[in-house]
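> Here is my input; please provide its structure:
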Amino acid sequence: MSESHAELPGSRRLLQVGARRLRDADPQAHMEVTITLKGRKQPGPDDVLGPTMTPKEMADQFGASPEDLQKVESVLRSYGLTVQDVLPNGRSLRVSGTVAAMEAAFNLSLGIYQHPEIGEYRGREGSVMIPSELSNIVTGVFGLDQRRVARHHLPAVARSPQTGLTPSDCEKRYNFPSGDGSGQTIAIAEFGQPLQPSGMLIPAYLPDDLTAFCKAQSRPVPNVQIVPVNIAPINHDQLLVQLQQMPQLKMYLLMSTLEVMMDVEILAGLCPKAQINVYFASFDQKGWIDLLDEVTAGRPGTPVCLSISYGAAEDDPTGWTPSALQEINSRLQAAAMEGITVCVSSGDDGSGCMQPGSRVHVEFPGSSPNVCCVGGTMIAGKNEVVWWQAPGFRTNKGGGATGGGVSAIFQRPSWQNVTVTSLNPGSMVGRVIPDVAAVAGPPFFEVTFLGKTSPIGGGTSASAPLWAALLARINAALPAKKRQRFLAPLLYQDGANGAPRGQSGCRDITTGQNASDPRPGKGYQATVGYDAVSGWGAPNGKALLGLL
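Model prediction:
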């Protein structure tokens, strides 16, 4: 280790499973990273119920000091790097330069890696080393490694003729309050995969499909704004070209685009008069931080909800780094303090979260105490039960199950006063997910894709935007002083009737479980009241509105 550099805590990366290093990165190639800085300490997750703050108030109270910003810029400039942008939150810098300059500044070796699922990407192994004079200022350097850190919860097309749920069906099933989302802003997070030597494996946005969907459902077409964070979606013609050029990635391209259109159409059908902002960012740790920085900065506007249908096991040793978990969670907390309810899918791979071994796992960012985590159900006859289809995780032949369980990383916040115990012996008293649930499995949702309308099994990817739409409808109907509040803690507080709002505002799901088979071969069970597979249950929208 050079005496001029110090190890950045929480930055160590292992070789990604299935990947191999092909060559060194081109030293003259241009690249960008996001550097996160230590700011004034934010209150803990137990203290997010105070008055809602504006993005400017958050930056003024919790941003980095001007002196620290100047010092970081001066030191990085000495290595030939350029600060392109200081984010309004005052805790993130966008920095650019050559690969050679980045390697010198952070004392590491960047390489080009190949992964059988996604092709070539720039990556690294080991820890990031930062200039010693910045060791008490810089908390993370993101973008050096472009590996994908979370998965799409990919939709599944129904294999037999059937009719999926329409917006009208959802409104009736979940007793939505009247309205159309007028005056509300809803955000959606979407991601694309970085590729080398240049380019991205980016999903498309298909406005013609949205128009056709709204026409078929007799709903007006909402105003949708695409917000490119560090990537922009491709269009219909570009999608067709990519499908021809990369036939080996055809299914990935189609399914990732279907994910985008399903998210947008569910929200459009239920909140057709809302402003829908769709953020597109890279699928690496940098993309997650950049996207949340933009949302919490209120660019282009502060939403009442952010819907996220992506995630991965919080404790995957080759996925999230500890510093990324910390920085993403910090931005999720900023969102909560601004009154933004981030609705995150709990996952589609049951208790195993696609991890080896006999332990159970939960997905991040669903496991963050600063989000409202949404689990999955399905309709079995006249009953709504926990979503589980053999083998309890997603395969190319179908299957899947709701995520849920107890975090091994995030402590249980005091407002989550439930008594669920982890199935992992000796585990901490962690955050329990999900908070709530909605349909994820059969009978699926009607979605228009490439001009054709059919039932799509969205998994918890569909449950999250459904809840976001419901909360937007509820927010529009609340008196002004009760609007723009982070929902999750409110569900665990007693309402006027003396019972928890979640219990009174949701329909209890008491049947089902989420064990992935064959590993870990165990899971959590639905019970009367709150449980770790369906949370408080499926929504009763009008009842929840009254309780809030």
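> What helices and strands are in contact with whichever strand or helix holds residue 130?
Here residue 130 is covered by strand 129-131, with elements defined by DSSP states H and E. In terms of contact count using 3 or more Cβ pairs under 8 Å, 6 or more residues apart in numbering; DSSP states H and E, strand 129-131 is assigned the packing partners strand 5-7, helix 99-106. Every residue, glycine included, has its C-beta placed from N, CA and C.
> For the last one, the averaged confidence score.
Same thing as helix 99-106. Confidence over helix 99-106 (mean pLDDT, whole number) is 98.
> and that helix, how far out from the chain's middle?
A distance of 30 Å separates the centroid of the chain from that of helix 99-106, by Cα atoms, centre = their mean, to the nearest Å.
> now do stretch 26-41
How far stretch 26-41 lies from its chain's middle: 22 Å, per Cα atoms, centre = their mean.
> buried residues in it?
Of all the residues in stretch 26-41, those buried under the rule 16 or more other Cβ atoms under 10 Å are 26, 29, 31-37, 39.
> Equivalent analysis for stretch 520-529, please.
The neighbour-count check on stretch 520-529 (16+ other Cβ under 10 Å) flags 520, 522-524, 526 as buried.
> can you tell me how far residue 255 sits from residue 485?
Plainly put, residue 255 is 35 Å away from residue 485 if you go by Cβ to Cβ, to the nearest Å.
> out of these two, which sits in the more crowded spot?
The neighbour comparison of residue 255 against residue 485 (other Cβ atoms under 10 Å) goes to residue 485, with 21 against 15.
> Report the contact partners of the more buried one.
For residue 485, the contacting residues are 52, 339, 341, 548, taking Cβ atoms under 8 Å, 6 or more residues apart in numbering as the criterion.
> Just the ones of the residues you listed in strands?
residue 341 (DSSP state E).
> which of the contacts of residue 485 tops the neighbour count?
Of those, with other Cβ under 10 Å as the count, residue 341 tops at 26 neighbours.
> Contact partners for that one?
Taking Cβ under 8 Å, 6+ apart as the definition of contact, the neighbours of residue 341 are 304-306, 371-372, 468, 471, 485-488.
> among these, which are in strands?
With strands defined by DSSP E, the entries of the contacts of residue 341 inside them are 305-306, 372.
> Just the strands from the stretch 1-150 of the chain, written as ranges.
In order along the chain, the stretch 1-150 of the chain carries the following strands (DSSP state E, counting those that start in this stretch): 5-7, 20-24, 30-37, 82-86, 92-98, 111-115, 119-123, 129-131, 138-142.
> wait, the stretch 201-350 of the chain
According to DSSP E, counting those that start in this stretch, the stretch 201-350 of the chain carries its strands in the segments 223-228, 275-282, 305-308, 310-313, 341-345.
> Likewise for the stretch 401-548 of the chain?
Under DSSP E, counting those that start in this stretch, the stretch 401-548 of the chain gives strands at 405-411, 430-433, 436-439, 445-449, 452-457, 506-507, 538-539.
> Take the ones you listed and lay them out in a markdown table including mean neighbour count, mean pLDDT and distance to residue 313.
Supplementary listing: those in a markdown table, determined by neighbours: other Cβ atoms under 10 Å; pLDDT from 0 to 100; distance: least, Cβ to Cβ, whole Å:
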| stretch | mean neighbour count | mean pLDDT | distance to residue 313 |
| --- | --- | --- | --- |
| strand 405-411 | 22 | 98 | 10 |
| strand 430-433 | 27 | 98 | 12 |
| strand 436-439 | 29 | 98 | 20 |
| strand 445-449 | 24 | 96 | 26 |
| strand 452-457 | 20 | 92 | 22 |
| strand 506-507 | 22 | 98 | 27 |
| strand 538-539 | 24 | 98 | 25 |
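> Residue 482: neighbouring residues, count only.
For residue 482, the neighbour count with other Cβ under 10 Å is 11.
> Likewise for residue 207?
14.
> Report the lowest-confidence entry in the buried residues of stretch 26-41.
In terms of pLDDT, the lowest of those is residue 39, showing 88.
> How about the contacts made by that residue?
62-64, 90-91.
> Let's see if you can find the most crowded of those residues.
Compared across the contacts of residue 39, residue 91 has the highest neighbour count, 30 neighbours, by other Cβ under 10 Å.
> Please verify my assumption that it contacts residue 36.
Yes. Judged on Cβ atoms under 8 Å, residue 91 makes contact with residue 36 at a distance of 5.9 Å.
> hey, where'd the helices end up in the stretch 51-200 of the chain?
Along the stretch 51-200 of the chain, the segments classed as helices by DSSP state H, counting those that start in this stretch run 55-62, 66-77, 99-106, 167-173.
> Give me whichever of the ones you listed is most buried.
When the helices of the stretch 51-200 of the chain are scored by mean count of other Cβ atoms under 10 Å, the highest mean neighbour count falls to helix 99-106 (a mean of 21).
> contacting residues around it?
Here helix 99-106 has contacts from 5, 25-29, 31, 33, 76, 79-81, 97, 109-110, 128-131, 141, 144, using Cβ under 8 Å, 6+ apart.
> Next up, phi/psi of residue 217, please.
When quoted as degrees, to the nearest 10, the phi and psi of residue 217 stand at phi -90, psi 0.
> 308 is where my numbering starts, stick with that
I'll keep to 308 as the first residue from here, and by that count the last item is residue 524.
> From what I see, it and residue 473 are in contact.
Yes. Counting by Cβ under 8 Å, residue 524 sits close enough to residue 473 to count as a contact (6.0 Å).
> which regions of the stretch 408-557 of the chain lie under the pLDDT threshold?
For the stretch 408-557 of the chain, residues meeting the criterion pLDDT under 70 lie at 460-469, 505-506.
> what's next to stretch 370-385, contact-wise?
For stretch 370-385, the surrounding residues in contact (Cβ under 8 Å, 6+ apart) are 342, 344-347, 389-390, 393, 396-398, 400, 402, 412, 438, 440-441, 444-445.
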